[in-house]
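[1] I'd like to go over a predicted model; first the sequence, then the structure.
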Amino acid sequence: MNELIDFISNNLQMFYIVILMIFVGVEIIGHVPAVLHTPLMSGANAIHGVVIIGAIIVMLGTDTENILALSLGFVAVFLGTLNVVGGFVVTDRMLEMFKKKK
């Protein structure tokens, strides 16, 4: 328990920054017009490719006997891949709306 209290007290500024980022993000997203929501979300999902690369790099540096780290890395790669694919699917469906119908 003392380790947790020491960690929180040593990283208190980090917690403040994360809380501030949450509030700023909610305010920014709340003021985005509905017309721009789909392109912004698909672009944001495509950025998750960085998450995939980061997770792979972390997994490469992890000891092969650390099953927890490898499992969490696998989950990060899997969810990041789903997010990237979902972003491109949304973008493709959005662009389909602008094509002329036959």
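    Done, it's in. Predicted, not measured: the structure shown is a model, and the values here were computed from it. Residues are numbered from 1 along each chain as shown.
[2] Off-centre distance for stretch 93-102?
    Between the centre of stretch 93-102 and the centre of its chain there are 28 Å (Cα atoms, centre = their mean, to the nearest Å).
[3] got the end-to-end distance for that stretch?
    Distance between the two ends of stretch 93-102: 17 Å, counting by Cα to Cα, to the nearest Å.
[4] got it, and stretch 6-18?
    End-to-end distance of stretch 6-18 (Cα to Cα): 18 Å.
[5] now that stretch: mean pLDDT?
    For stretch 6-18, mean pLDDT rounds to 91.
[6] low-scoring stretches of the protein, by residue?
    Across the chain, the ranges flagged by pLDDT under 70 are 37-38, 42-43, 46.
[7] I figured Gly80 hits Ile47, correct?
    No - at 10.0 Å, Gly80 does not count as touching Ile47 under the criterion of Cβ atoms under 8 Å. All C-beta spots, glycine's among them, are computed from the backbone N, C-alpha and C.
[8] More neighbours: those two, which one.
    The neighbour comparison of Gly80 against Ile47 (other Cβ atoms under 10 Å) goes to Gly80, with 20 against 11.
[9] Could you tell me how far the longest helix seen in the chain lies from the centre of the chain?
    In the chain, taking DSSP state H as the definition, the longest helix is helix 67-96. Per Cα atoms, centre = their mean, the displacement of helix 67-96 from the mean C-alpha position of its chain is 9 Å.
[10] That concludes my questions; thank you for your assistance.
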